[in-house]
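1. below is the structure, and that's it, no one-letter string:
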DNA sequence: TATGATAATGATAACCATTATCATTTTATT
DNA sequence: AATAAAATGATAATGGTTATCATTATCATA
């Protein structure tokens, strides 16, 4: 907790930016979240502790936290950016259920290795990737077919 | 060409929708494109052949083409949907250069297999995926460091 | 501890790709 | 033709995010 705060303070001073009560509060609340949170959700939580805080400040601070390596933007493709913890959290990808939108975090060393190899084969120096697997989760598989998918678009990226 | 048109007509009638001159024209122009095109770009191309066509019609028709399996939405995460040919085109993923935004299409059977296995390991029935690799292309690697990336967000999906 | 200089805040307007609305026109069917 | 259903084009609306800007807070230095 305090380690993340130190990291943030360090990042800020390194970039001639300033630690403020608002930024501290937003970081605190963010660190208490789990999974993936939208700026909107974080704003409503922060507002409970400081009624006067502005939504723009939450947006701005989340960008800063991302730059500082404490948060990570996750784009599921539904037009709403989500954020998750980045510090001391292993890289992972996501499997998302098309029916209930449940999402789990996964990692596969084999895939990572093949991605590296694939990029190299095309002469690219790989710096990162985004991989989302879409499917039906075990629970929804048992149930009969229901509607309500995260996005109306096809998931297979051509 | 005519095969795609037949497929579209078939899809339309199957869904009690109608083939119209506008839809025919939009499909024609779309089929003459390569790579990834935005609705905006397609609209400007179609407008050269029919000044009276409306932008909403292009948006609507691209959705229809996607549903019909002739087009595929591609979301690079910069807030602008792109479309590419889907019919008789193999599934593929993308490698995108962070410097010059050049993108190449790739496919790796090994990765596909491991994705399937990974999903199954978590009890999911895999229906699709999106995978984007980000890196520096060979040309940009030679050049010194330049700026200008596609998106300001980090690429590694947490 | 003033005092500039600079950055941050909060409120709000702007942005912008995409969708919804709606009056009018086109198409298919009787 | 007449009717019903769908499509079109113009335009307004949507909604997450960003930019703007006047005001306030913070920092370094004298």
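-> Arrived safely, thanks for sending. Not measured: the values here are computed from a predicted model. Numbering: from 1, shown residues only, chains lettered A, B, ... in the order given.

2. need the three-state assignment for residue A:16.
-> Counting by DSSP: H, G, I helix; E, B strand; the rest coil, the backbone at residue A:16 sits in coil.

3. and it, what's its pLDDT?
-> Residue A:16 carries a pLDDT value of 92.

4. gap between it and residue B:64?
-> Here the criterion is Cβ to Cβ, to the nearest Å. By it, residue A:16 lies 52 Å from residue B:64. Yep, even glycine has a C-beta here, placed from its N, CA and C like the rest.

5. which one's more surrounded, these two?
-> The neighbour count for residue A:16 versus residue B:64, taken as other Cβ atoms under 10 Å in any protein chain shown, is higher for residue B:64 (19 against 6).

6. the longest strand belonging to chain A vs strand B:125-136, what angle?
-> Longest strand of chain A, by residue count under DSSP state E: strand A:125-136. If you take axes from the mean of the first three to the mean of the last three Cα atoms, to 10 degrees, strand A:125-136 sits at 170 degrees to strand B:125-136.

7. average pLDDT for whichever helix or strand comes after strand A:125-136?
-> Heading C-terminal from strand A:125-136, the first helix or strand you meet, by DSSP states H and E, is helix A:138-142. Per-region confidence: helix A:138-142 scores 88 on mean pLDDT.

8. tell me, how many residues neighbour residue A:72?
-> 21.

9. do the same with the one 5 residues further on
-> Here the count is done by other Cβ under 10 Å, and residue A:77 has 19 residues near it.

10. so in terms of bridging, what pairs with the residue in chain A that DNA strand D sits nearest to?
-> Nearest residue of chain A to DNA strand D (Cβ to the nearest atom of the strand) works out as residue A:81 at 3.1 Å. Assessed by DSSP bridges, residue A:81 has beta-bridge partners residue A:75.

11. surely it and residue A:71 touch.
-> No: if you go by Cβ atoms under 8 Å, residue A:81 and residue A:71 don't touch, sitting 10.5 Å apart.

12. ok, these two, which is more surrounded?
-> The neighbour comparison of residue A:81 against residue A:71 (other Cβ under 10 Å) goes to residue A:71, with 28 against 19.

13. quick one: contacts for that one?
-> Residues near residue A:71 by Cβ atoms under 8 Å, 6 or more residues apart in numbering or on different chains: A:30, A:62, A:65, A:83, A:84, A:85, A:86.

14. low-confidence bits of chain A, can you list those?
-> Across chain A, the ranges flagged by pLDDT under 70 are A:1, A:144-158.

15. let's see it at 50
-> Scanning chain A for pLDDT under 50 picks out the ranges A:145-154, A:157.

16. for the residue of chain A closest to DNA strand D, give me its contacts.
-> A:38, A:39, A:73, A:74, A:75, B:153.

17. how many neighbouring residues does residue A:18 have?
-> If we define neighbours as other Cβ under 10 Å, then residue A:18 has 9 of them.

18. you'd agree it is up against residue A:12?
-> Yes: using Cβ under 8 Å as the test, residue A:18 is close enough to residue A:12 to be in contact (6.2 Å).

19. ok, the nearest residue to residue A:36 once chain neighbours are set aside to DNA strand C distance?
-> The shortest distance from residue A:36 to any non-neighbouring residue, by Cβ to Cβ, 6 or more residues apart in numbering or on different chains, is to residue A:82 (3.9 Å). Applying Cβ to the nearest atom of the strand, to the nearest Å, one obtains 19 Å for the distance of residue A:82 from DNA strand C.

20. and residue A:82, how far is that from residue B:18?
-> For residue A:82 relative to residue B:18 (Cβ to Cβ), the value is 40 Å.

21. circling back to that earlier point, what is the burial count for the residue nearest to residue A:36?
-> Neighbours around residue A:82, by other Cβ under 10 Å: 21.

22. quick check, it in contact with residue A:42.
-> No: Residue A:82 is beyond contact range of residue A:42, at 9.9 Å (criterion: Cβ under 8 Å).

23. re the thing from before, list buried residues within the contacts of residue A:81.
-> With burial judged by 16 or more other Cβ atoms under 10 Å in any protein chain shown, the buried subset of the contacts of residue A:81 is A:39, A:73, A:74, A:75, B:153.

24. per the record, what domains does chain A have?
-> A:2-85, A:93-142 (automatic domain parsing).

25. most tightly packed of those domains?
-> Ranked by mean neighbour count, the domains of chain A are led by domain A:93-142 with a mean of 18 (mean count of other Cβ atoms under 10 Å in any protein chain shown).

26. touching chain B at all, it?
-> Yes: using Cβ under 8 Å from any Cβ of the partner chain, domain A:93-142 comes into contact with chain B via A:93-95, A:97-98, A:104-106, A:108, A:110-111, A:114-115, A:118-119, A:122-138, A:141.
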